[in-house]
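Asks: Sequence first, predicted model second:
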Amino acid sequence: MPLVVSVCLATFLVSALAAAQFRSQPLPPSNRVARNEALRTSVNDLEAENRHLRDQVGSLQAAIRQLEDQSAQRSSAAQRLTDMVASQRLAVGLVPLHGPGLTISLHDGRNPNDPSDRSLGWIVHYQDLQDIVNLLWAAGAEAITINQQRVVPTTSFFYAGVNILINNANRLSSPYLITALGDPPSLIAGLNDPNQLTELKSRSRNYDLGLGWRRGSRLTAPAYDATFVLKNAQPIS
Amino acid sequence: MRSRSAEGTARGQRLFVVSLIAVLLGFLVVLQLRSQALVARSLANQDNTSIALLINDLNHANGQLLQQSLALDQRQRALRQGLVTGGTDTQAIEKELTVLRAVAGLLPVHGPGLEIRIEGPVMDFEIQDALNNLRNAGAEAAALNGYRIVDGTPIISHGTALQVAGHPVSSPYVLSVIGDPEQLESAADISASSLQTRVQVTITRRSDLAITEVVQPRPLLYSQLGS
């Protein structure tokens, strides 16, 4: 009997090795792993470069503000223009703000693991964020941020695969915190309107997306961390 | 003797059958394990598609940030030069003011772009989706039926028509957008493909499109400067 067991064990091991060898030949896993790592390294490098460029843009903007202030001290024309620039920076989100408002929270929900449910309703999509932002503007928001990224005139939401990107390829991920500065009762009334965000509210109930909001008396909206360059639009003189 | 020999043969046969089963079992176990690994790897491949798209977008964004950096560097040099020569370079400040006013929708602008004509009823989110796609494609200014659109401009469905910042507009909707026509057209085509099942959409390239409408500056009533 011990002989039978030994033979079986040895045969099992040999055949297992043979099978492993047989499958290894057509599929070299090491290349795939290396390829995956190379892709991830590229993302890390590009995101580091992205941060560096944002810092560089921020430093240049600070230096320009200083030079403009110095210019303003030398001429009244420059003073007038610098004041107007400061006012416009405020209008396009290049200045940090604080004030009362709302913080809206939302996160990816429960996957029901139901093969018949192909809606992907448990995932927060970029269109959901876009709809909330549009609703908040309509309700009188004065400044909006999503996960600390300021919504500015050039802001768009889009997918890069499963990633939601805004503002120069900033990756947004769940949980999402949307801050809106403005009159809290007006903003709440907009969100509470039963005709608004109906689909998102329904999905939040069904898939536990955690859609909710709370008032804040002193919320902050950081400045947009880049700037604007016009390549095609020219002023009509 | 013969019975001992027969017993030996039977034992050999049993051993052979057991070994055969063990061989098959071993083979199947390893195949199963490797199949599971393959499934895991195919999920990783799916994720790699996302990563490849992310790499593409990061490259594009970094190119834009570099352009911003170069434009700011040029402005900084002009301002510094003005101060060094004992005066001020108001032109550099004026240029910055012009860009900011155009971005805020406070200046009439012109340039190459697209005119998108939509005939039929559309919902507010369909226009907002189209604008989002166009901004992503580098739209620099936009107007809908004579009303300038910026980030804070509410577009709301009102019955079968739309309201732009409280002003009613109805079909045909004409969306004027300034930007690189080629890039804008790709974005407009995406929106048109979903709209064209219900309404007629015509996209026309314009070498010089004027958007003369401006928005009114919105005073801040609740927000204050500083973080």
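Replies: Here it is on my side, so go on.

Asks: Tell me the helix or strand right after the helix or strand bottoming out on mean pLDDT in chain B.
Replies: Sorting the helices and strands of chain B by mean pLDDT, DSSP states H and E puts helix B:2-84 at the bottom, at a mean of 74. Note on helix B:2-84: by DSSP states H and E, the next helix or strand toward the C-terminus is helix B:90-103.

Asks: So stretch B:78-96, near chain A or not?
Replies: Yes: using CB under 8 Å from any CB of the partner chain, we find that stretch B:78-96 touches chain A at B:79-80, B:82-83, B:87-90, B:93-94, B:96. For glycine as for every other residue, the C-beta is placed from the backbone atoms N, C-alpha and C.

Asks: got a list of contacts for that stretch?
Replies: A:64, A:67-68, A:70-72, A:74-75, A:77-78, A:81-82, A:85, B:75 (CB atoms under 8 Å, 6 or more residues apart in numbering or on different chains).

Asks: For PyMOL, write a command that selects the buried ones of those residues.
Replies: Selecting only the buried entries of the contacts of stretch B:78-96 in PyMOL, with 16 or more other CB atoms under 10 Å in any protein chain shown as the criterion:
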select buried, (chain A and resi 64+67+68+70+71+72+78+81+82+85) or (chain B and resi 75)
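
Asks: Mind checking which of the contacts of stretch B:78-96 are in strands?
Replies: Among those, DSSP state E puts none in strands.

Asks: The residue in chain B positioned nearest to chain A: neighbouring residues, count only.
Replies: The nearest approach of chain B to chain A comes at B:Ser50, 2.3 Å away (CB to the nearest CB). If you count neighbours by other CB atoms under 10 Å in any protein chain shown, B:Ser50 ends up with 16.

Asks: Am I right that it is in contact with A:Val162?
Replies: Yes: counting by CB atoms under 8 Å, B:Ser50 touches A:Val162, with 4.7 Å between them.

Asks: At the geometric centre of chain A, which residue do we find?
Replies: Closest residue to the average C-alpha location of chain A: A:Leu172 at 2.2 Å, with CA atoms, centre = their mean.

Asks: Show the contacting residues for that residue.
Replies: Applying CB under 8 Å, 6+ apart, we find A:Leu172 in contact with A:129, A:146-147, A:149, A:163-166.

Asks: Residues in a beta bridge with it, which ones?
Replies: On the basis of DSSP bridges, A:Leu172 is bridged to A:Ile164.

Asks: and the gap between it and A:Gln149?
Replies: A:Leu172 sits 7 Å away from A:Gln149, going by CB to CB, to the nearest Å.

Asks: Residues that sit against both of those two, list them.
Replies: Shared contacts of A:Leu172 and A:Gln149 (CB under 8 Å, 6+ apart): A:Ile166.

Asks: ok, how many other residues are close to A:Met84?
Replies: As a burial measure, A:Met84 scores 16 neighbours (other CB under 10 Å).

Asks: A:Leu165 too?
Replies: When counting by other CB under 10 Å, one arrives at 22 neighbours for A:Leu165.

Asks: burial count for the residue in chain A that chain B sits nearest to?
Replies: Residue nearest to chain B within chain A: A:Gly161 (2.3 Å; CB to the nearest CB). For A:Gly161, the neighbour count with other CB under 10 Å is 16.

Asks: Setting aside sequence neighbours, what's the nearest residue to it?
Replies: Distances taken as CB to CB, 6 or more residues apart in numbering or on different chains put B:Ser50 closest to A:Gly161, at 2.3 Å, once the chain neighbours are dropped.

Asks: OK, contacts around residue 178?
Replies: I'll assume chain A. Residues in contact with A:Ile178 (CB under 8 Å, 6+ apart) are A:103-106, A:129, A:132-133, A:136, A:144-146.

Asks: please go with chain B instead
Replies: Applying CB under 8 Å, 6+ apart to B:Ile178 gives the contacts A:232-233, B:109-113, B:139-142, B:209, B:211.

Asks: now do 6 Å
Replies: A:232-233, B:111, B:113, B:140-141, B:209 (CB atoms under 6 Å, 6 or more residues apart in numbering or on different chains).

Asks: ok, now A:Trp122?
Replies: A:Trp122 neighbours (CB under 6 Å, 6+ apart): A:109-111, A:207.

Asks: Just confirm B:Leu134 contacts B:Val177, I think it does.
Replies: Yes: checked against CB atoms under 6 Å, the pair B:Leu134 and B:Val177 is within contact range at 5.3 Å.

Asks: Looking only at neighbour counts, state which of these two leads.
Replies: B:Val177 (31 against 27).

Asks: tell me the angle of whichever helix or strand the more buried one is part of relative to helix B:90-103?
Replies: B:Val177 is part of strand B:173-178, with elements assigned from DSSP H and E. Angle between the axes of strand B:173-178 and helix B:90-103 is 160 degrees (criterion: axes from the mean of the first three to the mean of the last three CA atoms, to 10 degrees).

Asks: Show me what strand B:173-178 pairs with in its sheet, parallel or antiparallel.
Replies: strand B:109-119 (antiparallel), strand B:141-144 (antiparallel).

Asks: now the ones you listed in CSV, with mean neighbour count?
Replies: Formatted as CSV, these follow (neighbours: other CB atoms under 10 Å in any protein chain shown):
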stretch, mean neighbour count
strand B:109-119, 22
strand B:141-144, 26
